[in-house]
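> I'll drop the sequence and a predicted model, then ask my questions.
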Amino acid sequence: MVSYICVDAIVPNTEQFHFLASPPKKDKDGNVISLPSTVVELSIRNRTIRAKKIRGIYSEGLIMPAPPGFQEGDSIIEYFNLTKRVYEEELPEQTSSSHESPPTTFSLFKYDLEGVAKYKYVFQDDEPVIITEKIEGENCAIMYAEDRLWVRSRNYFKKNEPDSHWWDLPRRLNLEEKLKQFPNLAIWFELYGAVKGWSYDCPIVNGRIERKGRVFDIWDIKQRKFLEWKDVQNITQQIGMETVPVLYEGPWKSDHSLNILAEGQSTIGKCVKEGWVMRSTPEGWHEKLGRKIIKLKGRDYKIAKG
């Protein structure tokens, strides 16, 4: 029995984890020139578990002894006093003045996906699937409803303000007018270009990166269902946008051979892929997962993210 502490967990500054401290500095002859203090103060960076290669072998977590009396499946979060790393682009938006009151005739849920490691068993070998590239950016949704256009970040509907980066792309593409022919459809896309190291194919305009968006899903608000991928592609084309790139369409293989699609350079820029998203085709449902769609973040991405 062991404890597994996963990537992006932050361990406490206790003696138990002082082995994670940076090694002492040495001169060119290998002599130690700075010794650690009696009380080691670990920085957040040292205490954050990250994916890395150790002697050429990929590592994605930390193994520690199992706590006394613990059984398989018990949570170790409180025992080790673990917290979760939050990336800058995942932080809640602090400016409440930019938030808008939600619509009165419909609601929209927070879009999130479960991982392959936990739920790949819901897909059977040779089951038809579509795998698309996962883009590093900001989750955004737009919809024409109640005789107007709505724009929403992951958590909040956003006011149409001149300096709002959430509204910049809808205005540039004249999406309010275009979406009048597709009312009550929530169009989810990744707004990308602002995350350091993942600018993809975004151009520089007037000295600044001009963000772009790639559609990855569409939800019918009235019928309360997701559209089939072919319909997502069709509507996306009609409104003058692009979908996330399709990496694979064919039978699912549970032998991990499709995991390689999450690695290497992005298909839309000179940066590593964040990973991929896989959905059943046609749309499917599983009693444990719900909608049959899962994600896989690439090893290259996890190492690059640091």
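Good, I have the coordinates. Source: prediction; values computed, not measured.
> how does the protein divide into domains?
Following automatic domain parsing, one gets these domains for the chain: 2-85, 95-305.
> Can you get me the centre-to-centre distance for the last one and its chain?
Between the centre of domain 95-305 and the centre of its host chain there is 10 Å, according to Cα atoms, centre = their mean, to the nearest Å.
> related to what we said a few turns ago, including mean neighbour count and mean pLDDT, could the domains of the chain go into TSV?
No exception for glycine: its C-beta is placed from N, CA and C like everyone else's. Listed next are the domains of the chain as TSV, based on neighbours: other Cβ atoms under 10 Å; pLDDT from 0 to 100:
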stretch	mean neighbour count	mean pLDDT
domain 2-85	12	86
domain 95-305	16	95
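> ok, the residue nearest the centre of the chain to residue 204 distance?
Centroid check for the chain by Cα atoms, centre = their mean gives residue 136 as the closest residue, at 6.4 Å. Residue 136 sits 18 Å away from residue 204, going by Cβ to Cβ, to the nearest Å.
> I figured the residue nearest to the centre of the chain hits residue 193, correct?
No: Residue 136 lies out of contact with residue 193 (Cβ atoms under 8 Å); the separation is 9.7 Å.
> who touches the residue nearest to the centre of the chain in this structure?
89, 190, 192, 195, 198, 271, 274, 301 (Cβ atoms under 8 Å, 6 or more residues apart in numbering).
> how about the helices in the stretch 201-306 of the chain?
Ranges of helices in the stretch 201-306 of the chain, per DSSP state H, counting those that start in this stretch, are 229-238, 299-305.
> In a markdown table, list those along with distance to residue 76.
Output for those, formatted as a markdown table (distance: least, Cβ to Cβ, whole Å):
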| stretch | distance to residue 76 |
| --- | --- |
| helix 229-238 | 39 |
| helix 299-305 | 21 |
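> Relative to residue 117, which of those is closest?
With Cβ to Cβ as the measure, helix 299-305 is the member of the helices of the stretch 201-306 of the chain nearest residue 117 (12.6 Å).
> Please give the element, helix or strand, for residue 133.
In this structure, residue 133 is located in strand 128-134 according to DSSP states H and E.
> Partner strands of the helix or strand following that strand, with direction?
Sequence order places strand 138-145 as the next helix or strand after strand 128-134, per DSSP H and E. According to DSSP bridges, strand 138-145 forms sheet pairs with strand 148-152 (antiparallel), strand 185-192 (antiparallel).
> residues making contact with the longest one?
Read that as strand 185-192. Counting by Cβ under 8 Å, 6+ apart, 108, 111, 135-144, 165-166, 169, 179, 198-200, 202, 211-221, 227, 235-236, 239, 241, 244 sit against strand 185-192.
> counting contacts, what elements does the helix or strand containing residue 177 pack onto?
Using DSSP H and E, residue 177 maps to helix 175-178. Counting contacts by 3 or more Cβ pairs under 8 Å, 6 or more residues apart in numbering; DSSP states H and E, helix 175-178 packs against strand 148-152.
> Now the strand it packs on - C-alpha only, PDB.
Presented in PDB, the C-alpha positions along strand 148-152 are these (Å, rounded to 0.1, in the frame of the first residue of the first chain):
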ATOM      1  CA  ARG A 148     -29.900  39.400 -28.100                       C
ATOM      2  CA  LEU A 149     -26.400  37.900 -28.000                       C
ATOM      3  CA  TRP A 150     -25.000  36.500 -24.700                       C
ATOM      4  CA  VAL A 151     -21.400  35.900 -24.000                       C
ATOM      5  CA  ARG A 152     -20.200  33.700 -21.100                       C
END
